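**Q** Would you be able to build a 3D model of this:
(chains A and B)
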Number of protein chains: 2
Amino acid sequence: MPKMVDRDERRQEILEVTWRIMATRGAESATMREIAREAGYANGALAPYFANKDELVEAAYLFVFERTNDRIRSALAGLRGVAALRAFLVEVLPTTELTRSEARIVLPFWSRMVTDDRLARLMDATAQHWRDELASLLAQGRADGDVTVATPDTVVAEQLLATAYGLQVLALLPGSPASPETQLQMLDLAVAALRAT
Amino acid sequence: MPKMVDRDERRQEILEVTWRIMATRGAESATMREIAREAGYANGALAPYFANKDELVEAAYLFVFERTNDRIRSALAGLRGVAALRAFLVEVLPTTELTRSEARIVLPFWSRMVTDDRLARLMDATAQHWRDELASLLAQGRADGDVTVATPDTVVAEQLLATAYGLQVLALLPGSPASPETQLQMLDLAVAALRAT
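**A** Purely as a prediction, here's the structure:
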């Protein structure tokens, strides 16, 4: 009797192998051939799942993004406004082994964005998703009287996003002073700045 | 009579071709063979200049970094403290065609850092260089009475650096709202936050 393989499960397995190769051996090592080899499939076995490498890389990026979002959703349960905003950013900043590994994963995707328009549009959509979430939490914070700074929410949201993105690079530098403690201090400084004093 | 080629000039030409390929066709396209081809040299002609690809990529990164630093030096002439800090960051933020092209150049280098220890150490050194400059300008600002925030300079410097790094990514996204105007608003917000009010 032939072994039944769950299509979704195999698809997920291919995506995990893809970003693992990109994060440990670099974007250039993640060829369709190498991904198939590492996953233990025959050459050409990826074709029914992904038409080409761009499609595969795009799906792998979305897979990591959704995993982070699942974690954010859990962290935000029962929170709103500034408390939720802080919890959101804690899940994104590379302060733990898990979030540091996500930073290592995301850098090769950023690099590919320069030459892959589809991936660039996807990254646009994911940045917009976070930007909207941050702006909506800032609006809650204003309603609660916890955000009183005169700067428009869109500018504040962009600044928080930029800091989180920048730390994905800085915290990976071998001699980085962006220790988990410093990053949390930076976060508390940014949260404190939401109040006009 | 054989054509005399200036060694430094040829080295610089190789570096320019390297980062141009990385920025337009991606890190994976920048092979020693392809760089030699694009520069119009025979295969193997790069060897007297760079022993291997890692060495070449490292030198290309440093070349772009030094070009940016030359520009920063000019922009800072005659300035000190907070005014100098602002001028420094204006030269780094991707608000013009030139600084946006530098952002496109830097992303593939960040990606290679994940798998290239030498490059990671070099990026460490360059980040440290900017961190020291920012901290020294913050100290001048404190001496001038323009920086009065209670947060330690090291944390403030890291936050400014993280914002600048993060914008290298965000401003490249096709639908980014991080327009030059928004970026300069973010910068003025960060500068205003240096004063405890």
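
**Q** Quick check, central residue of chain A?
**A** A:Phe65 (4.6 Å; C-alpha atoms, centre = their mean).

**Q** Contacts only, for it.
**A** Contact analysis of A:Phe65 by C-beta atoms under 8 Å, 6 or more residues apart in numbering or on different chains lists A:Thr126. (C-beta placed from N, C-alpha, C; glycine too.)

**Q** In three-state terms, label the closest residue to A:Ser101 other than its chain neighbours for me.
**A** Using C-beta to C-beta, 6 or more residues apart in numbering or on different chains and skipping the chain neighbours, the partner closest in space to A:Ser101 is A:Ala23 (7.0 Å). Put simply, A:Ala23 is helix when judged by DSSP: H, G, I helix; E, B strand; the rest coil.

**Q** doesn't A:Val57 make contact with A:Met32?
**A** No: assessed by C-beta atoms under 8 Å, A:Met32 is found out of contact with A:Val57, at 10.3 Å.

**Q** buried stuff in the longest helix seen in chain A?
**A** In chain A, taking DSSP state H as the definition, the longest helix is helix A:117-143. The neighbour-count check on helix A:117-143 (16 or more other C-beta atoms under 10 Å in any protein chain shown) flags A:119-120, A:122-124, A:126-127, A:130-131, A:133-138, A:140-142 as buried.

**Q** One more: stretch A:36-45?
**A** For stretch A:36-45, a neighbour-count test (16+ other C-beta under 10 Å) marks A:36, A:38-39, A:41 as buried.

**Q** So which of these sit within helices?
**A** Reading helices off these with DSSP H, I get A:36, A:38-39.

**Q** now, among those residues, which is nearest to B:Leu98?
**A** A:Glu38 (40.4 Å; C-beta to C-beta).

**Q** so how many other residues sit close to A:Asp146?
**A** 17 (other C-beta atoms under 10 Å in any protein chain shown).

**Q** how close does the closest residue to it other than its chain neighbours sit to A:Gly141?
**A** Counting by C-beta to C-beta, 6+ apart, A:Asp146 lies nearest to A:Val82, which is 4.4 Å off, once chain neighbours are set aside. A:Val82 sits 4 Å away from A:Gly141, going by C-beta to C-beta, to the nearest Å.

**Q** Mutual contacts of these two, please.
**A** Common neighbours of A:Val82 and A:Gly141 (C-beta under 8 Å, 6+ apart) are A:147, A:194.

**Q** Pull the contacting residues for A:Gln128.
**A** B:Gly175.

**Q** before we move on, what about A:Gln140?
**A** A:80-81, A:84.

**Q** go again using 6 Å as the cut-off
**A** A:Gln140 makes contact with A:80-81 under the criterion C-beta atoms under 6 Å, 6 or more residues apart in numbering or on different chains.

**Q** how far away is it from A:Leu93?
**A** Counting by C-beta to C-beta, the gap from A:Gln140 to A:Leu93 is 21 Å.

**Q** which parts of chain A sit against chain B?
**A** Near chain B, the residues belonging to chain A are A:25-28, A:104, A:107-108, A:110-111, A:114-115, A:120, A:123-124, A:127, A:151, A:155, A:158-159, A:162-163, A:165-167, A:169-170, A:173-175, A:178, A:185-186, A:189, A:193, A:197 when assessed by C-beta under 6 Å from any C-beta of the partner chain.

**Q** three-state assignment of A:Thr148?
**A** Per three-state DSSP, A:Thr148 ends up coil.

**Q** Pretty sure it sits against A:Arg195.
**A** Yes: between A:Thr148 and A:Arg195 there is a contact under C-beta atoms under 6 Å: 5.3 Å.

**Q** ok so, going back, redo the ones in helices among the buried residues of stretch A:36-45 as a markdown table? Include distance to B:Ala45 and pLDDT.
**A** Below are those laid out as a markdown table (distance: C-beta to C-beta, whole Å; pLDDT from 0 to 100):
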| residue | distance to B:Ala45 | pLDDT |
| --- | --- | --- |
| A:Ala36 | 36 | 92 |
| A:Glu38 | 35 | 92 |
| A:Ala39 | 39 | 90 |
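
**Q** quick check, nearest of these to chain B?
**A** Closest to chain B out of these is A:Glu38 (15.4 Å), distances taken as C-beta to the nearest C-beta.

**Q** tally of neighbours for the spatially closest residue to the closest one that is not a sequence neighbour?
**A** Spatial nearest neighbour of A:Glu38, excluding adjacent residues (C-beta to C-beta, 6+ apart): A:Val17 at 5.1 Å. Other residues lying near A:Val17 total 21 when counted by other C-beta under 10 Å.

**Q** can you check A:Thr182 too?
**A** 20.

**Q** mean confidence score for the helix or strand hosting it?
**A** For A:Thr182, the host element (DSSP states H and E) is helix A:180-192. The pLDDT scores in helix A:180-192 average 88.

**Q** Restrict that helix to CA atoms and write it as PDB.
**A** C-alpha atoms of helix A:180-192 as PDB (Å, rounded to 0.1, in the frame of the first residue of the first chain):
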ATOM      1  CA  PRO A 180      18.500  41.800  25.800                       C
ATOM      2  CA  GLU A 181      18.700  44.300  28.700                       C
ATOM      3  CA  THR A 182      19.700  47.200  26.500                       C
ATOM      4  CA  GLN A 183      17.000  46.300  24.000                       C
ATOM      5  CA  LEU A 184      14.400  46.300  26.800                       C
ATOM      6  CA  GLN A 185      15.700  49.600  28.100                       C
ATOM      7  CA  MET A 186      15.300  51.000  24.500                       C
ATOM      8  CA  LEU A 187      11.800  49.700  24.400                       C
ATOM      9  CA  ASP A 188      10.900  51.300  27.800                       C
ATOM     10  CA  LEU A 189      12.400  54.500  26.600                       C
ATOM     11  CA  ALA A 190      10.300  54.400  23.400                       C
ATOM     12  CA  VAL A 191       7.200  53.600  25.500                       C
ATOM     13  CA  ALA A 192       7.900  56.400  27.900                       C
END
